[in-house]
Each structure stands twice: as structure tokens, then as C-alpha cells.
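Asker: coords please:
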Amino acid sequence: MSDFTTRPVIMGRRGVVTSGHYLATAAGFRIMEQGGNAIDAAAAMCFCLDLLEPQSAGIGGEVPTLIYSARERKAFAVCGMGWSPKAFTVAWCRDHGIDLIPGDGYLPACVPAVVDTWAVALARFGTLPFAQVLQPAIELAEEGFAVYPGLREHVVANREKYATLYPTTGEIYCPGGRVPEVGALLRNPDWAGALRAMCRGEAAAQHRGRVAGIEAARDVFYKGEIAERIVAFIRDHPVEDASGSAHAGLLSYEDLAEWHGGLEETVSLPFGGLVVHKCPPWTQGPVVLQQLALLEGFDLRGLGHNSAAYLHALIESAKLAFADREAYYGDPAVDAVPLDVLLSPAYSARRRGLIGERASREFRPGDVGRGVPEYATFDVAADNRRALQVGARAVRDLGLGHAHVGDTTHLDAVDREGNMVAATPSGGWIGSSPVIKGLGFPLGTRGQMFYLNANRPNALAPRKRPRATLTPSLATKDGQPYMVFGTPGGDAQDQWTLQFFLNVEVFGMNLQAAVDAPTVHSTHFPSSFYPRAAFPARVEVEAGFPEAVVADLQRRGHDVGMLDRWANGKVMGIRLDRDRGVIQGAVSPRRGIGYAFGW
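Answerer: Residues are numbered from 1 along each chain as shown. Down below sits the predicted model:
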């Protein structure tokens with residue numbers, strides 16, 4: 001194996017930060033230089049990413065987050081997913097002939113979660129005021145940042161939409177009706193104004209202490225002028241969506257004002273001397289743990305790194321884990337998710353026995369003790385229609401393929417005290433909902449992931465979190481901080497990050513070699529995104545594997561689709577070597593703008 005890597009492993013003693021855009025990484029470093037810890041730095045990076053990568057994430061979207069607190073010696077999940085509108089129900093969809101929740105417009109909008117997520121994290125684990133954390137993003141929005149190729153390509157592809165359907169978006173991203181060139185400065189003063197309003201709220205309450213100030217800043221967003229603007233705009237400006245009809249937004253002021261996220265227990269599994277932590281099943285995160293539980297029965301090192309036999313085991317394990325995701329995962333505040341069974345050795349052993357020498361073309365959820373649920377064996381749209389007793393609407397191609405594999409971004413931060421953060425910002429992207437006039441950002445569309453069969457988990461219900469694909473990862477060793485990592489990539493996220501993790505922990509690669517290595521992902525199961533397509537036995541293979549390996553996968557019955565060498569994801573991660581006092585970080589070169597920095 002060549003020792004060449006596309007970039008060096010970044011190594012530092014005081015701290016390391018990674019993110020999906022180099023300017024956001026610089027902001028995280030700046031916050032640490034000012035005395036902030038990893039949580040302060042992560043929050044600053046997230047707000048910068050929501051400005052710098054608007055085609056991938058926004059403050060109207062979500063950010064599932066994992067934090068290891070050095071002070072408390074414990075890992076936490078932070079609820080980075082808002083709930084659905086009280087008025088948006090299965091009955092509403094039946095009455096309006098909706099058989100699939102569209103992937104655009106206002107209907108799939110949930111309460112924006114980003115501001116609350118970081119307010120909770122900063123109040124509990126951070127050290128700095130909210131205004132100081134927000135300052136780098138405010139400066140970038142007011143003074144401008146350089147347009148890069150990926151952003152320009154997105155605007156070119158959506159120019160007609162922004163000129164006609166989403167004119168408020170066009171005002172910012174196509175000023176004067178022209179797509180800005182690479183290197184041109186792009187400003188978003190309304191976006192900065194929204195953050196400045198939160199800073200004013202904090203300043204008015206700061207005499208009561210840092211935490212009270214943070215909570216006051218949060219309330220400006222959810223109970224003040226920002227919430228009022230959101231509700232008025234989506235009420236008064238209906239927009240056409242993939243259903244073929246125009247709809248006003250259903251989010252109310254009360255939906256925003258009464259929502260509050262919070263800290264939750266992680267879901268975890270021991271593996272190879274580590275404990276891997278994921279967010280609860282309001283994300284797809286536990287599929288990584290299910291895959292690890294299945295793969296413990298294989299001699300992965302003996303199979304050989306990226307051999308056909310090794311990839312076959314990964315792919316078939318993913319099919320089984322994601323089938324269980326479809327059958328059982330949902331918001332645990334509403335749905336009873338049997339994780340105790342799904343992660344048990346006995347269940348994993350039974351499921352492992354289903355992996356044969358040939359690629360399965362079946363969709364095979366497991367039996368957790370009450371039979372395989374029939375709804376999980378149907379096409380999503382067909383199951384929706386059967387439950388609703390409505391006819392099929394035409395499916396509008398949103399040009400997204402199986403999932404939003406190019407949307408979403410990621411960030412990690414580790415400081416010398418041992419605080420660790422992994423967060424995956426997404427949603428609220430400019431391509432699927434119009435910018436709210438005066439605020440500079442759109443709402444998200446995560447509600448498209450709900451089912452419309454009320455009898456299954458992850459079914460649409462008032463004030464419920466949809467099961468997101470967003471899935472940061474965190475690992476501890478002997479109860480101590482060890483590693484954080486993640487990637488954009490929709491349904492593929494937990495497949496690519498699993499490969500990265502195994503590259504490091506099973507095959508001994510350094511972090512950069514591990515993120516550089518080519519990857520594969522299955523699209524065998526239903527997509528989480530409209531129109532919820534599935535492609536039995538299909539596996540997308542990045543160029544870079546030997547031809548003999550690809551041919552062997554095809555002989556095993558896999559329907560192989562070949563991708564460009566650097567097509568899959570933007571995996572990044574940070575690892576703490578406590579014995580040496582060194583923190584290491586790496587970011588994939590894919591999509592070109594993510595970077596790590598340490599000192």
C-alpha cells in the first residue's frame with residue numbers, strides 16, 4: 001500500500017478542529033485562541049458553515065451533535081432535530097391527497113434546531129458568550145466570502161428556480177440576475193442581522209449571567225422577532241412543491257415558541273476495545289452499531305482491506321441494518337424502538353446467518369419478537385397510499401438520485417482538556433425552500449422522511465421528530481475521550497464513516513489514509529428522501545478499487561454502479577492520543593474545501 005496521502009495528518013497539542021469549509025475551520029481555531037473550548041469552537045464553526053455552505057446546510061435546518069465532556073467524563077447527545085408542526089398530520093395529508101411528503105417547499109419544514117442546539121451545548125459545556133461565538137459568522141456575512149466552485153455550480157443549476165419560484169433566494173445568490181463568478185464576494189446582510197438580533201437579546205440579559213444571556217439570545221429566535229418573521233413569510237407566500245400544488249407553511253408561532261431540545265443519552269456499543277457512541281434513533285445513527293455487531297462475527301483483517309469478500313460483508317451487513325432502520329427506528333419520545341433487541345448478540349448472530357456468498361436482492365427486516373412488520377416490506381409510496389386510501393400523484397424528479405449525498409456538512413473539535421464534539425449540520429439548504437425575506441435563510445425539509453402509515457414507527461404525527469439521516473460519531477476508550485468523526489452523504493453517511501472507522505481501527509491506517517481510501521455504499525433499501533426510491537442489490541463503487549475486485553462483486557450478484565474516484569462523501573475525524581498528549585485530525589479532499597487545523 002502506498003504511503004502517499006492527499007494531505008498530511010494534522011497534529012497539535014492544544015487542539016484540533018475540522019470542518020467542511022476552511023473558513024469555518026479558521027473560525028474554530030480563532031475561538032480556541034480566544035480561550036474557548038471545543039464546544040465554543042464547534043458552535044462557531046457550525047454557524048459559519050451554515051453561511052458558507054448554504055447549498056448543504058443552514059440555520060433553518062438541523063445539527064445532531066455528540067459531545068464528550070471532560071469535566072463530567074461522559075458522552076452526551078444534543079437534540080439537533082426540531083419537531084413537526086402541530087397542524088401537519090396524516091389526516092391532513094389524506095384530505096389534501098398527499099401520498100408522499102414532498103422534498104421541497106414548506107410542508108416538510110420542522111422547527112429549526114440549530115440555534116437551540118448550540119444554546120443548550122454552550123450553556124452546559126461552553127465557556128464564552130453567544131455573541132463572541134457568533135462574531136466570525138457575522139463578519140463573513142456582512143463583509144462577504146469568496147464564491148467557490150461548488151457553490152457556483154449549485155447556483156448555476158438552480159438559476160431558473162431562483163429567478164421564478166424562489167425570488168427571495170435569487171436576490172442573494174443571483175444578485176442582479178447574474179450568477180456570481182468564482183472568487184466574487186457574496187454577502188448576506190439579512191443573515192447577519194438575524195444573528196445580531198440574538199446578540200442584542202443576550203446583551204440585554206447579560207447582567208443575569210452568561211447562561212441567562214445565552215437563553216435570551218435563543219428566545220429572540222424562537223419567541224421573538226425572528227420567529228414572527230418566519231411564520232408570517234411562510235403563511236403569506238405559498239410556494240409550489242413536488243406535489244404539484246402550492247402550499248403555505250403549517251409551522252405556527254406556538255410550534256417554535258414551545259419547542260426546546262436538550263441533552264439525551266447516547267446509544268452505544270463496545271467494539272474492539274472502544275465504545276462507539278451515536279445519537280438516538282431520531283437519527284439513523286444506530287445502524288452503524290448494528291453493522292458493527294454483525295461484523296464482529298467476521299475476521300475482517302483476514303478478509304483483507306477492500307477485498308471483494310470484505311466489501312461483500314460490509315454491503316450485506318448494511319442491507320440488514322438499514323432494513324431494520326426502516327422497520328423500527330423513529331423518535332423515541334413517541335415510538336418504542338427495540339434497540340435492546342436490535343443490538344443484542346443473539347439477534348445479531350441470527351441476522352449474521354442471513355449473509356451468504358451471493359448478494360441478496362430481498363428486503364429483510366428482522367423479527368424482534370412479534371413477527372416481521374408487513375409495512376416494512378412494501379415500497380414506501382405504496383404503503384403510504386394503502387394506509388391513506390388515496391391514489392398516486394405524479395412523482396416529480398428533484399434531481400437528487402437516491403439521496404442528498406452531496407448535501408450536509410460536518411465538523412469536529414477536540415481540545416487539550418479532552419472535550420470532544422462531532423456535529424453534522426444539514427437541512428435548511430437553499431435548493432429546496434425559499435429564503436425568508438429579511439432573515440437571509442430558508443427553512444428545512446426534513447419532514448419528507450416521515451411515513452404516512454400511522455401504524456409504523458417514524459410516521460408523521462404532530463410535534464414529532466422525523467428520523468434524520470444525520471449521524472455524527474464519537475468513540476471513547478476506557479471511558480476516556482478517543483475519537484470523533486463524520487461526513488455528509490444522506491443514507492450513505494453511516495456506510496462511509498463505518499469504512500473510515502474500520503480503516504483506522506482494524507487496518508491500522510493513519511487518519512488521512514483512512515479518509516482518502518475509496519469507498520462503496522448500498523442503495524438497496526428505500527431512500528430517506530423524496531421520492532423514497534430503492535434499488536435492489538445496487539452498490540455504488542468509487543473508482544480506485546482494482547478491476548478484479550469490482551468484477552468479483554459483480555460475480556457475487558451485486559449490481560455495481562461506478563462513480564468517479566472522489567465522489568463519495570467528505571469524511572473527517574479527530575483522534576486523541578492521550579499517552580503522547582497529541583491530537584490528530586484529517587479531512588477528505590473530496591469537494592475540495594474542507595480542512596483540518598491544529599496547533
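Asker: Helix or strand with the lowest mean pLDDT in the protein?
Answerer: Within the chain, confidence by mean pLDDT, DSSP states H and E is lowest for helix 380-388 among all helices and strands, at a mean of 91.
Asker: packing partners for that one?
Answerer: The elements that helix 380-388 packs onto, with contact taken as 3 or more CB pairs under 8 Å, 6 or more residues apart in numbering; DSSP states H and E, are helix 90-95. For glycine as for every other residue, the C-beta is placed from the backbone atoms N, C-alpha and C.
Asker: following the helix it packs on, which helix or strand comes up?
Answerer: Counting by DSSP states H and E, the element after helix 90-95 in chain order, helix or strand, is helix 114-125.
Asker: Please name every helix or strand in contact with that next one.
Answerer: Here helix 114-125 touches helix 38-52, strand 65-69, strand 74-78, helix 130-143, helix 210-223, going by 3+ CB pairs under 8 Å, 6+ apart.
Asker: That one versus strand 65-69: what angle between them?
Answerer: For helix 114-125 against strand 65-69, the angle between stretch directions is 10 degrees (axes from the mean of the first three to the mean of the last three CA atoms, to 10 degrees).
Asker: how big is the angle separating helix 114-125 from helix 130-143?
Answerer: Between the axes of helix 114-125 and helix 130-143, defined by the same axes, to 10 degrees, the angle is 140 degrees.
Asker: didn't residue 452 look like it was pressed against residue 384?
Answerer: Yes - with contact taken as CB atoms under 8 Å, residue 452 and residue 384 are classed as touching, separated by 4.0 Å.
Asker: So for these two, which sits in the more crowded spot?
Answerer: residue 384 (27 against 24; other CB atoms under 10 Å).
Asker: that older thread, so for residue 317, which of the helices and strands packed on helix 114-125 sits nearest?
Answerer: Go through the helices and strands packed on helix 114-125 one by one with CB to CB and the one that ends up closest to residue 317 is strand 65-69, at 22.5 Å.
Asker: List the neighbouring strands of that closest one plus their orientation.
Answerer: Based on DSSP bridges, the pairing partners of strand 65-69 within the sheet are strand 74-78 (antiparallel), strand 420-423 (antiparallel).
Asker: and these, which is most packed in?
Answerer: Per-residue neighbour counts averaged over each of the strands paired with strand 65-69 give the maximum for strand 420-423, namely a mean of 31 (mean count of other CB atoms under 10 Å).
Asker: Average pLDDT for it, rounded please.
Answerer: Across strand 420-423, the average pLDDT comes to 98.
Asker: got the CA positions of that strand in PDB?
Answerer: Listed in PDB are the C-alpha atoms of strand 420-423, where the atom choice follows Å, rounded to 0.1, in the frame of the first residue of the first chain:
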ATOM      1  CA  MET A 420     -14.800  16.400  22.000                       C
ATOM      2  CA  VAL A 421     -17.500  17.400  19.600                       C
ATOM      3  CA  ALA A 422     -18.900  15.800  16.400                       C
ATOM      4  CA  ALA A 423     -21.700  17.600  14.700                       C
END
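Asker: Starting from it, tell me the next helix or strand along the chain.
Answerer: Defined by DSSP H and E, the subsequent element after strand 420-423 is strand 473-477.
Asker: Great, nothing more from me.
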